[in-house]
Each structure stands twice: as structure tokens, then as C-alpha cells.
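Colleague: sequence and predicted model, in that order:
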Amino acid sequence: MRVAIVTVSDRASRGDYQDLSGPAVENWLRAAISSPFECVRLTVPDGVEIVKDTLAALCDRDNADLVLTTGGTGPSPRDLTPEAMHSVITKELPGFGELMRQASLAHVPTAILSRQTAGVRGRTLIINLPGKPSAIDICLDAVFPAVPYCLDLIGAGRIETDPTVCRSFRPA
């Protein structure tokens, strides 16, 4: 099982500040996933082309089963992560974004400004997460129960989750 975490941030990619969101995603995954997996973390600047090229390479060249982006999902002019993802996926899974926004609204009213979503490219699931570590936990808690089943459906690697961290999802 190969997982890639892509932090999308101009400032973090320049080294202006320490990336907290990429490590937050990895820490959450290490607590939630009980089966072995390989994890790689990258930091790239905002912008459609660099994010698009990074996502395509992770899916096609590096054979990542799961790619989690963090950052670039707000309404500001440089927040273009969803646009980059849309340019590489073959199927959008809008329910991921709907559930992440719903879960986040219980904590902050500005969650309606979020543009998180998810999609599939080949045998890779890509999920766009927010850039704030506390919001990452909320969003992953909400959607991750469906991730192992989705990975199975698209023919990606299999993962098992720790039931004390991630409630199970049973397809109907």
C-alpha cells in the first residue's frame, strides 16, 4: 500500500514556515491504519500546473494507491488544488467533500468556504483536505471509514483500520 501526502502551499514550499499539515495527515494515518503501508510526503507551491503534474506523477509513475492533498482548497486566488485535481481525475466523488464540509460546520461556520473533494485516477484515490491540522482530523474522521472500501472498488491496495480510531464502514 502506497500513500502520498502533498502539502500545497507557496509559503511552506519556500520554507517561510514549517509545514504542519503534512505531518498532521501522516500522524492521523499512522494512528488509523493498522496494516503496513509506505508513506511519502511532498510539499509543492500553489498553482494548477505544479499540483496537476505532481498528482499525475504520483498516480501514474509512482503507483500511489491513495493521495491526500492538504491546502489550496479555500476561495483565495492561489487556492487551486481542486482545479488541479479535476484536470487529472477520471471520476469525481463529491460525497467526500460534502461530508467533510458537513463535519467541519459543526466546529466552524466558515467551513462553507471549503472546496474539498475527491476523485479517482486509474487505481488511485485522491482526496483534497484542508490545510489546518485541526480541520484535517475532523475531515479524516468523517470520510476515512469509506476509504478502504473505495480502494477495493477501484483495485488499489488494501488497508485495514484500527477500530478505536476509525469506525468501520460496511457497504450495503
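Modeller: On my side now, so go ahead. Numbers count the residues shown, from 1 in each chain.
Colleague: and the nearest residue to Ala56 once chain neighbours are set aside, how many residues sit next to it?
Modeller: Excluding its sequence neighbours, the residue lying closest to Ala56 (C-beta to C-beta, 6 or more residues apart in numbering) is Val88, at 5.0 Å. From N, CA and C alone the C-beta is placed, and that goes for glycine too. Val88 has 22 neighbours, counted by other C-beta atoms under 10 Å.
Colleague: looks like Val88 contacts Glu49 (just checking).
Modeller: No: assessed by C-beta atoms under 8 Å, Val88 is found out of contact with Glu49, at 11.3 Å.
Colleague: what's the helix or strand bottoming out on mean pLDDT in the chain packed up against?
Modeller: Here the helix or strand of the chain ranked lowest by mean pLDDT, DSSP states H and E is helix 10-14, holding a mean of 93. Applying 3 or more C-beta pairs under 8 Å, 6 or more residues apart in numbering; DSSP states H and E, one finds that helix 10-14 contacts strand 38-44.
Colleague: contact partners of the strand it packs on?
Modeller: With contacts defined as C-beta atoms under 8 Å, 6 or more residues apart in numbering, strand 38-44 is touched by 1-9, 12-13, 19, 22-23, 26, 29-30, 50-51, 54, 58, 62, 64.
Colleague: picking up where we left off before, can you name every helix or strand that the helix or strand following the least confident helix or strand of the chain contacts?
Modeller: Beyond helix 10-14 on the C-terminal side, the first helix or strand identified by DSSP states H and E is helix 21-32. Secondary-structure packing of helix 21-32 (3+ C-beta pairs under 8 Å, 6+ apart): strand 2-8, strand 38-44, strand 66-70, helix 133-143.
Colleague: ok now the last one, how far from the chain's centre?
Modeller: I take that to be helix 133-143. With C-alpha atoms, centre = their mean, to the nearest Å as the basis, helix 133-143 stands 10 Å off its chain's centre.
Colleague: could you do stretch 60-74 as well?
Modeller: 6 Å.
Colleague: mind listing what's buried in it?
Modeller: Of all the residues in stretch 60-74, those buried under the rule 16 or more other C-beta atoms under 10 Å are Ala64, Asp65, Leu66, Val67, Leu68, Thr69, Thr70, Gly71, Gly72, Thr73, Gly74.
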